[in-house]
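**Student:** Based on what follows, work out the 3D shape:
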Amino acid sequence: MNELYPLLRTQQYSGRGIILGMTPGGRIAIAYFIMGRSASSRARRFVRMGDDLAIKYTADKDPEHAELIVYSPLRVLGNRIIVTNGDQTETVYDALVLGGTFESALATRCFEPDPPHFTARISGLVTVEDGVPSFELSVLKAGDSAGSVCSRYFYRYEAQPGVAHYIHTYMGGTEVLKTFSGEPWEVEAVEDIDEFTDKVWNGINEDNKVALYVRFVDPVTMEYTDRLINKNE
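**Tutor:** Have a look, this model is predicted:
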């Protein structure tokens with residue numbers, strides 16, 4: 001298992017990241033962060049919308065490709081919590097409302113239309129049944145350099161105290177960003193939400209980080225504690 005802070009420190013530009021798991025004491029641990037290299041990507045902040053999370057654009061001029069950078073990263077539907085890096089949050093939410101599944105919803109979506117990067121769509125779902133959480137993660141990414149093929153990967157995890165899984169969009173690169181590859185990282189999930197938040201926020205590259213949201217949830221009551229950090233208030 002990887003220690004979270006050192007792992008994040010090795011990643012100069014991981015783009016957007018999702019962490020899902022369970023603390024040693026049995027709470028659900030969720031983290032979502034965004035980074036940015038362009039002015040429009042950096043002109044964003046997280047805002048709470050009831051139990052959901054939204055992104056607000058803070059610059060005066062509307063951004064290009066607004067649909068790719070302004071979305072709801074986290075939505076709650078009863079005993080399920082959806083976390084994604086794009087508008088596929090709504091795709092998953094709508095499918096679940098109609099009795100569909102995480103996989104069937106994402107089978108209708110693909111990577112982002114932003115050549116030459118073809119940014120991966122990363123998504124997560126927490127489902128709680130009788131007080132016991134389970135976790136699903138997905139990556140939708142280009143199967144070739146031309147963006148003519150979409151490869152879809154799905155991962156399911158049972159809850160393990162102190163264990164989380166971390167997935168992100170990029171594996172480095174300069175002119176053309178490399179897409180995440182391999183399985184989600186297995187990382188530690190500590191009990192204290194402030195310690196966990198500090199590990200993630202301080203681990204993310206200082207020059208490129210934009211915002212972080214962390215939520216710890218009691219799987220029996222679904223009550224939660226959260227932390228929200230915006231680099232540019």
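**Student:** Am I right that residue 194 is in contact with residue 227?
**Tutor:** Yes - between residue 194 and residue 227 there is a contact under C-beta atoms under 8 Å: 7.0 Å. Every C-beta, even on glycine, is put in place using the N, C-alpha and C of the backbone.
**Student:** Need the contact partners of stretch 191-202.
**Tutor:** Stretch 191-202 is contacted from outside by 4-5, 8, 19, 23-25, 27, 29, 31, 33, 189-190, 209, 212, 214, 216, 225-227, 229, using C-beta atoms under 8 Å, 6 or more residues apart in numbering.
**Student:** go on, stretch 140-152?
**Tutor:** So stretch 140-152 is in contact with 88, 106-107, 109-111, 113, 115-116, 118, 120-123, 138-139, 153, 179-180, going by C-beta under 8 Å, 6+ apart.
**Student:** which of the residues you listed are buried?
**Tutor:** For those, a neighbour count by 16 or more other C-beta atoms under 10 Å gives the buried set as 88, 106-107, 109-111, 118, 120-123, 138-139, 153, 179-180.
**Student:** quick one: residue 193 from residue 148, how far?
**Tutor:** 43 Å (C-beta to C-beta, to the nearest Å).
**Student:** Looking at those two, which is more packed in?
**Tutor:** Per other C-beta atoms under 10 Å, whichever of residue 193 and residue 148 has more neighbours is residue 193, with 19 against 8.
**Student:** Look up how far residue 25 lies from that one.
**Tutor:** For residue 193, the distance to residue 25 equals 11 Å [C-beta to C-beta].
**Student:** for residue 50, same thing?
**Tutor:** In terms of C-beta to C-beta, residue 50 sits 26 Å off from residue 25.
**Student:** more neighbours, these two?
**Tutor:** Remark: of residue 50 and residue 25, residue 25 carries more neighbours, 13 against 8, as counted by other C-beta under 10 Å.
**Student:** Spatially, what comes nearest to that one if we skip its sequence neighbours?
**Tutor:** Leaving aside its sequence neighbours, residue 25 sits nearest to residue 191 (C-beta to C-beta, 6 or more residues apart in numbering; 5.1 Å).
**Student:** any idea how far residue 29 is from the one you found?
**Tutor:** Per C-beta to C-beta, residue 191 is found 9 Å from residue 29.
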